[in-house]
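Visitor: Prediction below, plus the sequence it came from.
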Amino acid sequence: MQSQEQSGGTLAQQMFGPQAGIYAESKVHISDDSLESVQKLTNPALRQAQGDRSGLQGDEAQAQGDGAEAMPYRWAVDIGTGAGFTAFAMAEVSERVIASDITQPMLRQAGRISGERGLPNVGLVQNAAEALPFADASLDLITSRKAAHHFRDFEAALDEAQRALRPGGSLVMADTVAPEDDDMARWQNEVELRRDFSHVEDRKVSVIRQMLADRGFEVVGSEDERVYLWFNDWVMRTRVPEDEVAALRREFQEGPPEVRETFQVGEPEEDGDFLFSFPVWVFRAVKR
């Protein structure tokens with residue numbers, strides 16, 4: 001395993017290193033709607049089966065002509081891979097996949113699960129999203145799922161993706177995003193930070209679209225989704241202290257009507273647990 005010292009990763013390493021085993025068993029990380037959308041956006045055979053040939057580029061178009069057995073991507077990298085579940089999905093459509101994360105215990109989980117699944121085309125690299133150890137124009141696909149809100153410098157991560165992707169290569173990301181309403185965006189980011197000290201920002205879709213356009217990316221496909229979370233599991237995964245758990249519970253349950261509506265806050269169960277949701281945006285952008 002390669003290792004690269006990076007600035008800005010300390011908080012994520014402190015948060016997720018000790019919790020790597022929990023995230024390796026987290027249902028919303030193993031598989032959810034966002035992973036299915038990533039698979040659709042990266043797999044031309046799935047899109048063709050659903051009658052969608054939009055946005056086929058380069059190797060994908062060649063794979064369509066070569067038949068279902070052809071791999072659309074030669075080199076793919078999943079950044080902020082965590083326990084590796086998105087990288088494993090990309091192994092089905094890529095000759096070689098690098099699962100990349102700044103936290104070594106997460107990569108150990110990814111290596112363990114990859115071995116259990118028998119995925120010989122998955123490798124591991126430790127690095128930050130803002131400093132990819134890959135040559136210019138060397139990658140066909142970069143993915144990232146449930147990670148970008150932890151990137152210390154999201155624009156630098158986009159710059160690195162633009163540099164490392166070949167012309168016509170794809171950047172596919174899925175992450176929680178903030179509502180366009182400033183007050184709701186502020187509320188969401190405040191509770192996220194109180195629950196997870198490594199949280200940086202859930203960004204608005206309009207802001208991300210502009211950042212992509214500024215770097216010569218064209219969004220060729222996207223999905224608006226929700227991630228549905230049980231409160232008790234949400235706070236348990238990041239070891240929130242009991243007094244802060246109680247305060248966060250009140251923020252959701254006793255917040256103004258617009259909070260309950262925007263984040264679909266459900267009524268509490270007998271044990272006090274309740275369901276809520278955050279918006280998620282999944283997109284595929286092509287480097288022009």
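Guide: Perfect, thanks for sending it.

Visitor: hey, let's count contacts and neighbours off CA atoms from now on
Guide: Fine.

Visitor: shaky segments in the stretch 1-150 of the chain?
Guide: Along the stretch 1-150 of the chain, segments meeting pLDDT under 70 span 1-31, 47, 49-70.

Visitor: Tell me where it has helices.
Guide: Applying DSSP state H, counting those that start in this stretch to the stretch 1-150 of the chain gives helices spanning 10-16, 20-23, 27-30, 33-42, 44-49, 58-66, 85-90, 104-117.

Visitor: Now do the last one: distance to the chain's middle.
Guide: Meaning helix 104-117. 17 Å (CA atoms, centre = their mean, to the nearest Å).

Visitor: buried set for that helix?
Guide: 104-111, 113-114 (16 or more other CA atoms under 10 Å).

Visitor: Looks like Ala89 contacts Leu41 (just checking).
Guide: No - between Ala89 and Leu41 there is no contact under CA atoms under 8 Å: 11.9 Å.

Visitor: More neighbours: which of those two?
Guide: Leu41 (26 against 18; other CA atoms under 10 Å).

Visitor: Helix or strand: which one has Val191?
Guide: Assigned by DSSP states H and E, Val191 belongs to helix 182-195.

Visitor: With only the CA atoms kept, save that helix in CSV.
Guide: Below are the C-alpha coordinates for helix 182-195, written out as CSV (Å, rounded to 0.1, in the frame of the first residue of the first chain):
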residue,chain,number,x,y,z
ASP,A,182,-29.7,29.9,2.9
ASP,A,183,-31.4,29.4,6.3
MET,A,184,-32.0,25.7,5.7
ALA,A,185,-28.4,25.2,4.3
ARG,A,186,-27.0,26.9,7.4
TRP,A,187,-29.1,24.7,9.7
GLN,A,188,-28.1,21.5,7.9
ASN,A,189,-24.4,22.3,8.0
GLU,A,190,-24.6,23.3,11.7
VAL,A,191,-26.1,20.0,12.8
GLU,A,192,-23.8,18.0,10.6
LEU,A,193,-20.8,19.7,12.2
ARG,A,194,-22.1,19.2,15.7
ARG,A,195,-22.6,15.5,14.9
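
Visitor: what comes up buried for it?
Guide: Of the residues in helix 182-195, those buried (16+ other CA under 10 Å) are 184-185, 188-189, 192, 194-195.

Visitor: if I pick the residue lying closest to Ser277 once chain neighbours are set aside, what's in contact with it?
Guide: Leaving aside its chain neighbours, Ser277 sits nearest to Tyr228 (4.4 Å; criterion: CA to CA, 6 or more residues apart in numbering). For Tyr228, the contact set (CA atoms under 8 Å, 6 or more residues apart in numbering) comprises 275-278.

Visitor: Then Tyr228 would be within a helix, right?
Guide: No - read with DSSP: H, G, I helix; E, B strand; the rest coil, Tyr228 is strand and lies in no helix.

Visitor: what about it, distance to Thr176?
Guide: Taking CA to CA, to the nearest Å as the measure, Tyr228 falls 11 Å from Thr176.

Visitor: which neighbours do the two share?
Guide: With CA under 8 Å, 6+ apart, Tyr228 and Thr176 have common neighbours Phe278.

Visitor: What segments of the protein are strands?
Guide: 2-3, 73-79, 94-101, 122-126, 139-145, 165-176, 217-230, 275-287 (DSSP state E).

Visitor: For those strands, give me TSV that also has distance to Thr262.
Guide: Listed next are the strands of the chain as TSV, based on distance: least, CA to CA, whole Å:
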stretch	distance to Thr262
strand 2-3	41
strand 73-79	29
strand 94-101	32
strand 122-126	37
strand 139-145	22
strand 165-176	14
strand 217-230	11
strand 275-287	8
